[in-house]
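Chemist: Let's see this in three dimensions:
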Amino acid sequence: MRTSPASLWRDRDGASAAEFAMILPLLLLFLFGIIDAGRLMWTWNRAEQATQAGARYAVATNMLPSGLATYDFAVDGGLPQGTAIPTSAFGGVTCTSGGCTCSTGTTCPPLGAFNGTDFDLIVQRMQIFLPEIQAANVRVDYVNSGLGFAGDPNAPDVAPNVTVSLTGLDFAPITTLMFGASVPMPDFHSSLTLEDGSGRRSN
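Modeler: As a prediction, this is how the structure comes out:
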């Protein structure tokens, strides 16, 4: 039986399948977009928790610049016994996986050897929360808080604010067509005041 052109024009068989095929890519992008948004928030939260855990570990264990932990500001620095450490004697120290340096524009005592093993322990503690973290993503800053005093016989003379920063992380979404290959995440920071400055077990 021959089908006339007019009847073919009116034939609607398969229309639903064609419409579904047209809308399916948009539905998938929308669905995966929702999933990726949840994954991004979950990764964001884990990064924040990792940074907080790193700061908690850093303030209760060995200071990374060993010289700062042992420097006597009264004997070696010439400050009167019992006086607060001024920023002119100690401003801040920045430590990365490559070592510790005096923060730009500040003064520091001799920093001594870099406690690389202790830096790795901080990174390992953070990796419990976010395994993607690498040593290159972590920075630890010691900044004068005004606490501590010259010639402290029981602890490091300085009790700096310790800030652990997590930088350079990227989030890889499922929907690469929508978001691109990766989404740069912001830097994360967490600060606490040094509590111990010795040992390798946090409380």
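Chemist: Name the spans of this structure whose pLDDT lies under the cut-off.
Modeler: Residues of the chain that meet the criterion pLDDT under 70 lie in 1-15, 17-18, 175-180, 202-203.
Chemist: Okay, strands next: where are they in it?
Modeler: Ranges of strands in the chain, per DSSP state E, are 92-96, 99-102, 138-143, 161-166, 170-171, 183-184, 188-193.
Chemist: Select the longest helix from the protein.
Modeler: Among all segments of the chain classified by DSSP state H, the helix with the greatest residue count is helix 15-59.
Chemist: Quick one: list the elements packing against it.
Modeler: helix 116-127, strand 138-143, strand 161-166, strand 170-171, helix 176-179, strand 188-193 (3 or more CB pairs under 8 Å, 6 or more residues apart in numbering; DSSP states H and E). No exception for glycine: its C-beta is placed from N, CA and C like everyone else's.
Chemist: With mean neighbour count and distance to residue 25 added, can I get the ones you listed in CSV?
Modeler: Compiled in CSV, the helices and strands packed on helix 15-59 are given as follows (neighbours: other CB atoms under 10 Å; distance: least, CB to CB, whole Å):
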stretch, mean neighbour count, distance to residue 25
helix 116-127, 18, 37
strand 138-143, 22, 40
strand 161-166, 23, 36
strand 170-171, 14, 23
helix 176-179, 13, 9
strand 188-193, 17, 35
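Chemist: Residue 199: which of those is closest?
Modeler: The closest approach between residue 199 and any of these, judged by CB to CB, belongs to helix 116-127 at 9.6 Å.
Chemist: I would like the residues contacting the closest one, please.
Modeler: For helix 116-127, the surrounding residues in contact (CB atoms under 8 Å, 6 or more residues apart in numbering) are 50-51, 53-54, 57-58, 61-62, 64, 95, 97, 99, 133-135, 138, 140, 164, 166, 200, 202.
Chemist: The residues you listed, buried ones only, as a PyMOL selection?
Modeler: To isolate the buried subset of the contacts of helix 116-127 in PyMOL, counting by 16 or more other CB atoms under 10 Å, use the following:
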select buried, resi 50+51+53+54+57+58+61+62+64+95+133+135+138+140+164+166+202
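Chemist: tell me the contacts of residue 183?
Modeler: By CB under 8 Å, 6+ apart, the residues touching residue 183 are 40, 170, 171, 172, 173.
Chemist: Show me what it is bridged to.
Modeler: residue 171 (DSSP bridges).
Chemist: I'd like the distance between it and residue 34.
Modeler: From residue 183 across to residue 34, the span is 15 Å (CB to CB, to the nearest Å).
Chemist: Which strand residues bridge the residue nearest in space to the middle of the chain?
Modeler: With the centre of the chain defined as its mean C-alpha position, the nearest residue by CA atoms, centre = their mean is residue 166, 1.7 Å away. Residue 166 has the following beta-bridge partners by DSSP bridges: residue 138, residue 188.
Chemist: doesn't residue 137 make contact with it?
Modeler: Yes. Assessed by CB atoms under 8 Å, residue 166 is found in contact with residue 137 at 5.7 Å.
Chemist: Please determine how far residue 121 is located from residue 74.
Modeler: Using CB to CB, one obtains 31 Å as the distance from residue 121 to residue 74.
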